[in-house]
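Asks: The following comprises the amino acid sequence and a computationally predicted model.
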Amino acid sequence: RYEGRTDVTPLVVASVGSWGEVTATTVGSGTTLTAQEAGLFLGVVETLVSLVLLISWIRLRSRQNKVVDQIDEESITARDYTVFVEDVPPKEVFPEEYKSHFGRFGKVYDVQLALDQGSLIRLFGKRADHMIKMEVAEAKLAKFRKSTQLKVVKKMKDKLKDFDKKVLQLRSKSDFSAVGAFITFDQDDHLKACLKEYKQTLIGKFLPVATRKLFKKRYKIRVSQAAEPSNLKWENMQVRGFQRVWRNAFTTFVTLTLLLISFSIILLSKGLKESLSQEGGSAQCVEAPDPDSEFAQQEILWYKYSSTYAKYQSMLACYCVIKLETERSYCQPYVENQARLQALTLGSVAAVAIMNVILKQVLIFLAKFEKHHTVTSEERATALKIFIAQFMNTALINMAVNIDLVFFFPSLQFLKDMGFLTGIYTDFSSSWFSTVSEQLAITIISNAFVFPIATLAKLPQFIVMRILMRNRVLTQRQLDNLYMGPEYVLSERYGIILSNLFAILLYNGGMPYLTPFGAIFFGLLYWCDKIALLRVFQTPAQYDEQLAVATTSLMPVALTAHMGFAIWMIGYISGDTFEFPGLYPLPWPTILKERMFKLNILPMLIIFSVIAAYLAAIMVFAPLVGAILGDILDKQGAKDEDEEEEGNPSFMEALENQELKGLETYDIKKNDRYRDSLTADVDESLLKEEE
């Protein structure tokens, strides 16, 4: 298919593109293989692969659910007894009033109010960071005894006094508004009764609220199960409603802007590459001058001044492929042009990698900017943002800039006239595989090695830094941090895992060589992370199941996208049509009809339809039915639920017997992360001096 082509790499030969527009080829010892036979074989293999992926996901999800249930049954935490109440009155409400209202469900053990103390917590965090810097400055002064360092320490102490004054002013404030309340029951069945009564359905939102459900007979409150005490981000609790909406809108805008920049870089690279590419590839060699002709060089040079640069490079390539060794001086422009093309290809890959690094850091910041109420929700948002941005940057944008969108949407012609839409491909043809797929493959394959190796590289870096710096650090805190190692960021890993998984599954139906590189990526990542986690990183925080469950929930989406692209790619190969009864006569678009009813992709199409229907059911219809018929379903399942009680002891018994895991209370003053913000010693005379 590609014999003699100088513009084709082994990656292209190993793809479906090698069967794009051929009817038959010779394989092995003279055996002829028709395109229909090849397409049928690829269709069967792809169907088996998809079934294996589907079965693997079902087993993984089943095992995951069992592990989550087992952990939940074996552990007792404060969350098992606590609800979080929102839309509470901001002022003049006391814990006794909450006990009175929720006491009808059972004994209330404790009530803790969430106040809008975020500014105080953040200010004290800045004060703590400043004190760490001041520690280092004082250590330098004690060691080097320089007058300049004395001035630095004095300046930092003055700044610390400013922090203390602000902290004292905020602590003395007595009119903090309530943004929520944590109600801890003595029995877990009391919690379930409360959640059941306050469960809001879609129909229920439009119905009058029963008087007994109104707090103080006038406040329409919302009740949900509370997060773990250690999982809460108290400094963000007051960020609600419109504030969350505009913050989410801002992060979306910044993310889209960065992706637009990446799109522009790839578009510019594509334009430069096309200006250097050969026009028509080796097909132009049919009309090229005979390399053995006496006037071949003059005839090729004539193309340089009478035709396009791409045409000239095509003729020069036809000549230099044969005469490069003997006419190296004449072929120097060809060699330089090929070098520029390779540099542009690698530069495009490097640009995508750099943009991924920038995107990752910016998106981590943006996830924090959104002010999530729990650590888990912030980590999940970070993981999903990294996944979506890097997946689009790695796998979709490069494909999008090469699609002839005007062919599908003629109304976009004005964008093509302005130079924004420069794509020329309307299908996964052999030409697409010989140009676009190569850069996609290099980008995806490089990602399979870069992140795992970068993770493992932290080990020698950690050892060298520890050896070089252990006698140079000035404070005990610096020495502790040197030996503790960097933080293990789980959300970043989930985002990159999802990005690579989706990119590989999206294209490996037509580019099967991506599959072993996917296996290499996950194998490398497992071992590199295992080594680095044991030898480099700090012991990570304890997470709940939300990140893992969110990741496995997205796998059917990846499988559906994989099968859709595989159907379209393999369906491009010539094959017999299957006239499906009842469906084939319908007025389908011609290009869709040609693909959907090919015999070689029929099994895949059936599986694809089943998975797509399943996704529609669980993502659209199930939540809708649950929201509308929630009360009816709850009543029908109440009996079964009662039989499946965990049998937890009372909160008092669990507390006395030390059966509770993690933090035992929602009192912020007993949370290690926030205790100092509200109780740490600050010189109160500073406030009196200011008065």
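Replies: Arrived safely, thanks for sending.

Asks: chain center to stretch 199-218: distance?
Replies: 37 Å (Cα atoms, centre = their mean, to the nearest Å).

Asks: Do I have it right that Ala389 meets Ile364?
Replies: No: judged on Cβ atoms under 8 Å, Ala389 makes no contact with Ile364 at a distance of 11.1 Å. (C-beta placed from N, C-alpha, C; glycine too.)

Asks: Those two: which has the busier surroundings?
Replies: Set Ala389 next to Ile364 and count neighbours by other Cβ atoms under 10 Å: Ala389 wins out with 25 against 19.

Asks: so which strand or helix has that one?
Replies: Using DSSP states H and E, Ala389 maps to helix 375-391.

Asks: Relative to the whole chain's centre, how far out is that helix?
Replies: 5 Å.

Asks: Name the residues of the helix or strand where Ala550 lies that are buried.
Replies: Taking DSSP H and E as the criterion, Ala550 maps to helix 546-570. Within helix 546-570, the residues that count as buried by 16 or more other Cβ atoms under 10 Å are 546-547, 550-551, 555-570.

Asks: Check which element follows it along the chain.
Replies: By DSSP H and E, the next helix or strand past helix 546-570 is helix 590-596.

Asks: after that next one comes which helix or strand?
Replies: Next along from helix 590-596, by DSSP H and E: helix 602-616.

Asks: got the angle for that following helix vs helix 546-570?
Replies: Interaxial angle, helix 602-616 versus helix 546-570 (axes from the mean of the first three to the mean of the last three Cα atoms, to 10 degrees): 150 degrees.

Asks: So Ser446 is in contact with Ala353, correct?
Replies: Yes: the pair Ser446 and Ala353 passes the contact test of Cβ under 8 Å, sitting 6.8 Å apart.

Asks: re the thing from before, the helix holding Ala550 - contacts with which helices or strands?
Replies: Applying 3 or more Cβ pairs under 8 Å, 6 or more residues apart in numbering; DSSP states H and E, we find helix 546-570 packed against helix 35-74, helix 375-391, helix 490-507, helix 590-596, helix 602-616.

Asks: Nearest to Asp189, out of those helices?
Replies: With Cβ to Cβ as the criterion, Asp189 lies closest to helix 35-74 of these, at 15.5 Å.

Asks: Return the set of buried residues in that closest one.
Replies: Burial within helix 35-74, assessed by neighbour count using 16+ other Cβ under 10 Å, is assigned to 35-36, 38-40, 42-43, 46-47, 49-50, 53-54, 57.

Asks: Chain neighbours aside, what residue packs nearest to the spatially most central residue of the chain?
Replies: The centre of the chain sits closest to Phe387, judged by Cα atoms, centre = their mean, with a distance of 1.9 Å. Once flanking residues are discounted, Phe387 sits nearest to Leu498: 3.9 Å by Cβ to Cβ, 6 or more residues apart in numbering.

Asks: Can you report how many residues neighbour that neighbour?
Replies: So Leu498, with other Cβ under 10 Å, has 23 neighbours.

Asks: Then Gln200?
Replies: Using other Cβ under 10 Å: Gln200 sits among 15 other residues.

Asks: wait, what's in contact with it?
Replies: Arg222 (Cβ atoms under 8 Å, 6 or more residues apart in numbering).

Asks: again, 7 Å this time
Replies: Residues near Gln200 by Cβ atoms under 7 Å, 6 or more residues apart in numbering: none.

Asks: With Trp57 instead?
Replies: Taking Cβ under 7 Å, 6+ apart as the test, what Trp57 contacts is Met555, Pro556, Leu559.

Asks: The same query, at a cut-off of 8 Å, please.
Replies: Applying Cβ under 8 Å, 6+ apart, the residues near Trp57 are Thr552, Met555, Pro556, Leu559.

Asks: do the same with Ser307
Replies: By Cβ under 8 Å, 6+ apart, Ser307 has no neighbours at all.

Asks: returning to that earlier point: check whether the residue nearest to Phe387 really touches Ala550, as I assumed.
Replies: No: assessed by Cβ under 8 Å, Leu498 is found out of contact with Ala550, at 9.2 Å.

Asks: Common neighbours of the two, please.
Replies: Ala383.

Asks: and Asp292, what helix or strand is that in?
Replies: Per DSSP H and E, there is no helix or strand for Asp292.

Asks: so how many other residues sit close to Leu207?
Replies: 9.

Asks: wait, I meant Cys194
Replies: 21.

Asks: Could you do the one 4 residues further on as well?
Replies: A total of 17 residues lie near Tyr198 under the criterion other Cβ under 10 Å.

Asks: my read: it touches Lys220, true?
Replies: No: the pair Tyr198 and Lys220 does not pass the contact test of Cβ under 8 Å, sitting 10.4 Å apart.

Asks: list the residues that contact both of these two?
Replies: By Cβ under 8 Å, 6+ apart, the residues touching both Tyr198 and Lys220 are Lys213.

Asks: Okay, helices next: where are they in the stretch 201-350 of the chain?
Replies: 242-276, 296-306, 309-323, 332-369 (DSSP state H, counting those that start in this stretch).

Asks: Looking at those, which is nearest to Arg145?
Replies: helix 332-369 (39.2 Å).

Asks: packing partners for that closest one?
Replies: Against helix 332-369 (3+ Cβ pairs under 8 Å, 6+ apart) you get helix 242-276, helix 309-323, helix 375-391, helix 430-456, helix 490-507.

Asks: Nothing else from me, thank you.
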